[in-house]
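> Next one to model:
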Amino acid sequence: MVKLIVVCGTSFAGKSTLARHIAARFGYAEVDVDVTKVDLFGADVVDDTLERDDWDRMYAETDRRIADHLDAGRTVIDASRNFSRAERDLTREICRVHGAELVTVFVDTPEEVTRQRLLANRQSHDRRDVTDEDFADILAAWEPPAEDEHPIVFHAGDDVPSWLERNGDVLVDA
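Prediction:
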C-alpha cells in the first residue's frame, strides 16, 4: 500500500536528515513546505513578510503535492511540519481520502540538543535559520505523537542504517 510518511519533531531535531535517508533507502519522493514556499514566492522570501493567506496557500499547495504523489501510487515523505496533533490529523485525512497508509515517525531529540544545533547552524548556515521567537513558538506548539498515533521513534544518536533496517517493514510500501 502507498504511504505518507510524516516525520515529526521540533526544529533542528533531525527530521529532514532522517527523511532524506528514508527517501534514499526506499526511493520515495519528498515534499517540504520550505520548497513550496520558494517555488511560490521566490528564493529571497522572508517569513515575516508573508500574510496568513500566503501561509494557507503554501500549506494547501504542499498538501496538493502530497495528494498528487499518493494518487500516482508513490509513497511520499513530509518532514517539514506536523508539530501538532491537529496538523497530523489533517495528514491522516489526506491518507483516508487518497487511500494511503499514514506512518508517523517521531524524531525524539532533547530540547538542549536542538538548541545547540540551532546555534551551530547560525555559524554554518547549513539550513534556513529560525529566529529565537519562531523557535520558541515551535516549542510551544509542539505536541509529541500520542500512543494512538502509533509512532515509530528515532532517538537522537540512533544509528540511521541500523534504525532503517529495524523499521524497514513499516516504512516499505507493499
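> what residue of this structure is the furthest out?
Ranked by distance from the centre of the chain (Cα atoms, centre = their mean), the top residue is Gln123, with 23.6 Å.
> Give me the phi and psi for that residue.
phi -90, psi -40 (degrees, to the nearest 10).
> what separates it from Arg117, distance-wise?
From Gln123 across to Arg117, the span is 11 Å (Cβ to Cβ, to the nearest Å). (Each C-beta comes from the backbone N, C-alpha and C, glycine too.)
> repeat for Ala86
As judged by Cβ to Cβ, Ala86 and Arg117 stand 26 Å apart.
> again with Asn82
From Asn82 to Arg117 the distance is 19 Å (Cβ to Cβ).
> For the two, indicate the residue with more neighbours.
For Asn82 versus Arg117, neighbours defined as other Cβ atoms under 10 Å are more numerous around Asn82 (25 against 19).
> Please list all residues in contact with the more buried one.
Taking Cβ atoms under 8 Å, 6 or more residues apart in numbering as the contact definition, Asn82 lies against Val6, Val7, Cys8, Arg88, Thr91.
> Wait, the last one touches Val76, no?
To tie it back to what came earlier, the one meant is Thr91. No - no contact is recorded between Thr91 and Val76 when judged using Cβ atoms under 8 Å, the distance being 10.6 Å.
> which residues do those two both contact?
When Cβ under 8 Å, 6+ apart defines a contact, the residues bordering Thr91 and Val76 alike are Leu4, Ile66.
> helix or strand for Ala140, which one?
With the criterion set as DSSP states H and E, the secondary-structure element containing Ala140 is helix 132-141.
> Name the SS class of Leu4, please.
Judged by DSSP: H, G, I helix; E, B strand; the rest coil, the three-state class of Leu4 is strand.
> neighbouring contacts of the longest strand seen in the chain?
Selection of the longest strand in the chain by residue count, based on DSSP state E, yields strand 101-108. Judged by Cβ under 8 Å, 6+ apart, the contacts made with strand 101-108 from elsewhere in the structure are 1-9, 13-15, 18, 22, 88, 91-92, 95, 144-145, 149-156, 170-171.
> which residues of the protein fall in helices?
In the chain, the helices defined using DSSP state H lie at 15-26, 33-41, 52-71, 85-98, 111-124, 132-141, 160-171.
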